[in-house]
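Asker: what shape does this take:
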Amino acid sequence: MTSPFDIQEKLKIYFPILFELLNSNKIDWKMVEKTFAKKYVQYQSKHEKTNAPFRIEASFFSIITAAIKREKGAVMLLDYIQKLFEELIDKLDSNEKKEIKNTIFGFLTNIDSKYLNFLGELSVLNQFKRRTNFKLIKTEEILLTSGVNNSRIDFKFFNPTTNGFELIEIINIHLNETNTSNEKSVNNLMTQKISEKLSKKGIKENPSFFLVPVVWGNWKEIKCVQKYYKNHKPSFQNTGVPVCFVPFTNSDGKLVQRFGTIDTIFQNSTT
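Answerer: Modelled structure (predicted):
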């Protein structure tokens, strides 16, 4: 029986680059359909009630649908994902592509803002591959074997410069009008989210990993986080400056989709 979503075939038509990134690695498309369908009805019902236009927090398939309708925000985000995948195809070898198969599965099967968590992981991975000579060895590497739940880290890299390993963890932080309403709210949000992640992953037991915060929101919300970091320069153990995705118009009037640190993201923009 034909699937009501037929995700694999639609992606072959509207987003074929996904299969290039997968390389020869197979995804269980029946499980993709099952997982997606399980979440779809509830999300669709909520979306129809609010009758909301496209937002970045939609889902990957909502992005494709909205881009086909030429909605500007969706077109720009889909263009960013296309270019991200192109870069990953170029930068990752066959073993590295195999390691991100589960990340791609999560990207495809999560509805609403949860898919952004996986997009954040892929974006940070691309930044490391772009700026370093690190080789991705493993995803979901076990950090701590003690306790009921083993603590896992998103990326384990081999660093040929030091002949050692680098462990990178991602935390995705979703912004809204409320949690960015003032600097106190931003401070509470970032402190709570980052501190909880460090504690959960076991920074006291094994301080060997580096945490990269990824913030998601519109440009005004991201500006609030940028202002907070500029004014207060907060410091968290083993944690970098947050990175983010922002579409904007540069000084030449050209539309740009940029992923970078919040302290540099708006350079040469008219936003």
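
Asker: so where do the strands sit in the stretch 151-271 of the chain?
Answerer: For the stretch 151-271 of the chain, strands defined by DSSP state E, counting those that start in this stretch occupy the ranges 151-159, 164-174, 209-216, 243-249, 255-261.

Asker: so which of those comes closest to D79?
Answerer: Proximity to D79, assessed across the strands of the stretch 151-271 of the chain by CB to CB, is greatest for strand 255-261 (6.1 Å). In this view, the C-beta of every residue, glycine as well, is placed from N, C-alpha and C.

Asker: which elements pack onto the closest one?
Answerer: On a contact count with 3 or more CB pairs under 8 Å, 6 or more residues apart in numbering; DSSP states H and E, strand 255-261 meets helix 72-91, helix 114-131, strand 243-249.

Asker: from the chain's centroid, how far away is whatever helix or strand comes next after the first one?
Answerer: Beyond helix 72-91 in the direction of the C-terminus, DSSP states H and E gives the next helix or strand as helix 94-99. The chain centre lies 18 Å from the centre of helix 94-99; the measure is CA atoms, centre = their mean, to the nearest Å.

Asker: re the thing from before, just put the helices and strands packed on strand 255-261 in TSV and tack on mean pLDDT, mean neighbour count and distance to I171.
Answerer: Compiled in TSV, these are given as follows (pLDDT from 0 to 100; neighbours: other CB atoms under 10 Å; distance: least, CB to CB, whole Å):
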stretch	mean pLDDT	mean neighbour count	distance to I171
helix 72-91	92	17	19
helix 114-131	95	20	9
strand 243-249	85	20	11
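
Asker: could I get the contacting residues of the closest residue to P242 other than its chain neighbours?
Answerer: Closest residue to P242 apart from its sequence neighbours, by CB to CB, 6 or more residues apart in numbering: P213 at 4.1 Å. The neighbours of P213, taking CB atoms under 8 Å, 6 or more residues apart in numbering as the test, are 171, 173, 190, 193-194, 239-240, 242-243.
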